[in-house]
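Student: Show me how the following folds:
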Amino acid sequence: MASWQAQVKNIAVALAIVGGLWMALSLGIGEAVQVVIDPDDLSNPLDANTTAAYGGDVDFIDRIATAGVFVVLLGSAGFGLLSTSTGNPPFLNTLIRYTPVIVGLIAFTAFSTEAFELISGDRDWSAYSDATNGYILFLTSMMVAGLTSLLKK
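Tutor: Purely as a prediction, here's the structure:
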(Lines give C-alpha, C1' and ligand atoms only; values in the text may rest on other atoms or scores of the structure.)
Protein backbone atom coordinates (compact mmCIF):
# COMPACT_ATOMS: atom_id res chain seq x y z
CA MET A 1 0.00 0.00 0.00
CA ALA A 2 1.32 3.42 -0.94
CA SER A 3 2.02 5.92 1.79
CA TRP A 4 -0.01 9.09 1.95
CA GLN A 5 3.05 11.04 0.80
CA ALA A 6 3.31 8.92 -2.35
CA GLN A 7 -0.39 9.29 -3.06
CA VAL A 8 -0.30 13.08 -2.61
CA LYS A 9 2.81 13.29 -4.79
CA ASN A 10 1.23 11.18 -7.55
CA ILE A 11 -1.94 13.30 -7.54
CA ALA A 12 0.11 16.51 -7.53
CA VAL A 13 2.26 15.31 -10.46
CA ALA A 14 -0.90 14.36 -12.37
CA LEU A 15 -2.30 17.86 -11.77
CA ALA A 16 1.05 19.34 -12.80
CA ILE A 17 0.90 17.43 -16.08
CA VAL A 18 -2.62 18.73 -16.71
CA GLY A 19 -1.59 22.31 -15.87
CA GLY A 20 1.67 22.17 -17.82
CA LEU A 21 0.05 20.64 -20.87
CA TRP A 22 -2.79 23.17 -20.73
CA MET A 23 -0.28 26.01 -20.49
CA ALA A 24 1.88 24.72 -23.35
CA LEU A 25 -1.10 24.11 -25.62
CA SER A 26 -2.68 27.47 -24.76
CA LEU A 27 0.52 29.32 -25.60
CA GLY A 28 1.49 27.04 -28.45
CA ILE A 29 4.36 24.59 -28.21
CA GLY A 30 6.62 26.84 -30.30
CA GLU A 31 5.93 29.84 -28.09
CA ALA A 32 6.62 27.83 -24.93
CA VAL A 33 9.90 26.58 -26.41
CA GLN A 34 10.78 30.17 -27.37
CA VAL A 35 10.26 31.21 -23.73
CA VAL A 36 12.87 28.67 -22.65
CA ILE A 37 15.36 29.24 -25.47
CA ASP A 38 15.38 33.03 -25.83
CA PRO A 39 12.33 35.19 -25.09
CA ASP A 40 14.21 38.31 -26.24
CA ASP A 41 14.97 37.03 -29.74
CA LEU A 42 14.03 39.93 -32.00
CA SER A 43 13.81 37.77 -35.11
CA ASN A 44 11.15 35.63 -33.44
CA PRO A 45 9.42 37.82 -30.82
CA LEU A 46 6.99 36.33 -28.34
CA ASP A 47 3.30 36.78 -28.95
CA ALA A 48 1.60 39.42 -26.76
CA ASN A 49 -0.62 36.70 -25.26
CA THR A 50 2.45 34.74 -24.24
CA THR A 51 4.01 37.72 -22.53
CA ALA A 52 0.70 38.47 -20.79
CA ALA A 53 0.49 34.87 -19.57
CA TYR A 54 3.74 35.44 -17.67
CA GLY A 55 2.51 38.64 -16.07
CA GLY A 56 3.81 41.01 -18.74
CA ASP A 57 7.46 40.01 -18.60
CA VAL A 58 9.30 36.73 -19.06
CA ASP A 59 12.20 36.55 -16.62
CA PHE A 60 14.78 33.91 -15.71
CA ILE A 61 12.50 32.18 -13.19
CA ASP A 62 9.73 31.87 -15.79
CA ARG A 63 12.21 30.34 -18.23
CA ILE A 64 13.39 27.77 -15.67
CA ALA A 65 9.81 26.92 -14.65
CA THR A 66 8.77 26.54 -18.29
CA ALA A 67 11.75 24.24 -18.86
CA GLY A 68 10.40 22.28 -15.88
CA VAL A 69 7.09 21.96 -17.72
CA PHE A 70 8.89 20.27 -20.59
CA VAL A 71 10.91 17.97 -18.31
CA VAL A 72 7.71 16.86 -16.52
CA LEU A 73 5.72 16.44 -19.74
CA LEU A 74 8.51 14.49 -21.43
CA GLY A 75 9.40 12.53 -18.27
CA SER A 76 8.17 9.18 -17.07
CA ALA A 77 5.03 10.68 -15.49
CA GLY A 78 4.12 12.40 -18.77
CA PHE A 79 4.86 11.08 -22.24
CA GLY A 80 7.71 8.85 -21.05
CA LEU A 81 10.34 10.13 -23.46
CA LEU A 82 12.81 11.04 -20.69
CA SER A 83 13.74 8.58 -17.99
CA THR A 84 16.66 7.82 -15.75
CA SER A 85 19.08 5.39 -17.30
CA THR A 86 22.64 4.23 -16.89
CA GLY A 87 23.25 5.48 -20.44
CA ASN A 88 22.35 9.06 -19.49
CA PRO A 89 24.87 11.56 -18.20
CA PRO A 90 24.62 11.74 -14.38
CA PHE A 91 23.39 15.36 -14.42
CA LEU A 92 20.43 14.35 -16.61
CA ASN A 93 19.44 11.54 -14.25
CA THR A 94 19.68 13.94 -11.30
CA LEU A 95 17.61 16.55 -13.11
CA ILE A 96 14.90 14.04 -14.01
CA ARG A 97 14.85 12.53 -10.52
CA TYR A 98 14.68 15.85 -8.67
CA THR A 99 12.49 17.90 -11.03
CA PRO A 100 9.54 18.00 -8.59
CA VAL A 101 11.80 19.31 -5.82
CA ILE A 102 13.63 21.81 -8.06
CA VAL A 103 10.49 23.25 -9.65
CA GLY A 104 8.65 23.02 -6.32
CA LEU A 105 11.30 25.14 -4.60
CA ILE A 106 11.17 27.66 -7.45
CA ALA A 107 7.39 27.79 -7.07
CA PHE A 108 7.66 28.17 -3.30
CA THR A 109 10.18 31.00 -3.48
CA ALA A 110 8.95 32.92 -6.53
CA PHE A 111 5.24 32.08 -6.80
CA SER A 112 4.18 31.42 -3.22
CA THR A 113 1.45 34.08 -3.22
CA GLU A 114 -0.23 32.59 -6.28
CA ALA A 115 0.33 29.01 -5.07
CA PHE A 116 -1.16 29.59 -1.62
CA GLU A 117 -4.02 31.50 -3.22
CA LEU A 118 -4.79 28.38 -5.27
CA ILE A 119 -4.33 25.99 -2.34
CA SER A 120 -6.60 28.05 -0.08
CA GLY A 121 -9.30 28.23 -2.78
CA ASP A 122 -9.09 31.99 -3.17
CA ARG A 123 -7.89 32.05 -6.78
CA ASP A 124 -10.15 33.90 -9.20
CA TRP A 125 -9.76 31.63 -12.23
CA SER A 126 -11.81 33.91 -14.48
CA ALA A 127 -9.45 36.85 -13.96
CA TYR A 128 -6.58 35.12 -15.81
CA SER A 129 -5.99 33.47 -19.17
CA ASP A 130 -5.97 29.70 -19.62
CA ALA A 131 -2.20 29.79 -20.09
CA THR A 132 -1.69 31.69 -16.82
CA ASN A 133 -4.08 29.39 -14.94
CA GLY A 134 -2.31 26.32 -16.34
CA TYR A 135 1.08 27.77 -15.37
CA ILE A 136 -0.01 28.46 -11.79
CA LEU A 137 -1.68 25.03 -11.53
CA PHE A 138 1.58 23.46 -12.74
CA LEU A 139 3.73 25.43 -10.30
CA THR A 140 1.46 24.84 -7.31
CA SER A 141 1.19 21.13 -8.05
CA MET A 142 4.96 20.84 -8.39
CA MET A 143 5.37 22.67 -5.08
CA VAL A 144 3.11 20.12 -3.39
CA ALA A 145 4.87 17.21 -5.17
CA GLY A 146 8.29 18.56 -4.23
CA LEU A 147 7.37 19.05 -0.59
CA THR A 148 5.87 15.58 -0.29
CA SER A 149 8.97 14.12 -1.96
CA LEU A 150 11.03 15.65 0.81
CA LEU A 151 8.71 14.16 3.46
CA LYS A 152 9.25 10.55 2.37
CA LYS A 153 10.64 8.29 5.04
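Student: element containing the most centrally placed residue in the chain, please.
Tutor: The residue lying closest to the centre of the chain (Cα atoms, centre = their mean) is residue 69, at 4.0 Å. For residue 69, the element it lies in under DSSP states H and E is helix 60-74.
Student: contact partners of that helix?
Tutor: With Cβ atoms under 8 Å, 6 or more residues apart in numbering as the test, helix 60-74 has contacts from 13, 16-17, 20-21, 23-24, 32-33, 35-36, 39, 54, 78-79, 81-82, 95-96, 99-100, 102-103, 106-107, 110-111, 135, 138-139, 142. Any C-beta I mention is one placed from the backbone N, CA and C, and that applies to glycine too.
Student: now swap in stretch 144-153 and tell me
Tutor: Judged by Cβ under 8 Å, 6+ apart, the contacts made with stretch 144-153 from elsewhere in the structure are 3, 5-6, 8-9, 12-13, 16, 100-105, 107-108, 119.
Student: Restricted to buried residues, select those residues in PyMOL.
Tutor: Once 16 or more other Cβ atoms under 10 Å is used to decide burial, the buried members of the contacts of stretch 144-153 can be selected in PyMOL as follows:
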select buried, resi 8+9+12+13+16+100+101+102+103+104+105+107+108
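Student: hmm, back to that, give me the buried subset of the contacts of helix 60-74.
Tutor: Burial by neighbour count, 16+ other Cβ under 10 Å: within these this picks out 13, 16-17, 20-21, 23-24, 32, 35-36, 39, 54, 78, 82, 95-96, 99-100, 102-103, 106-107, 110-111, 135, 138-139, 142.
Student: Many thanks, have a good one.
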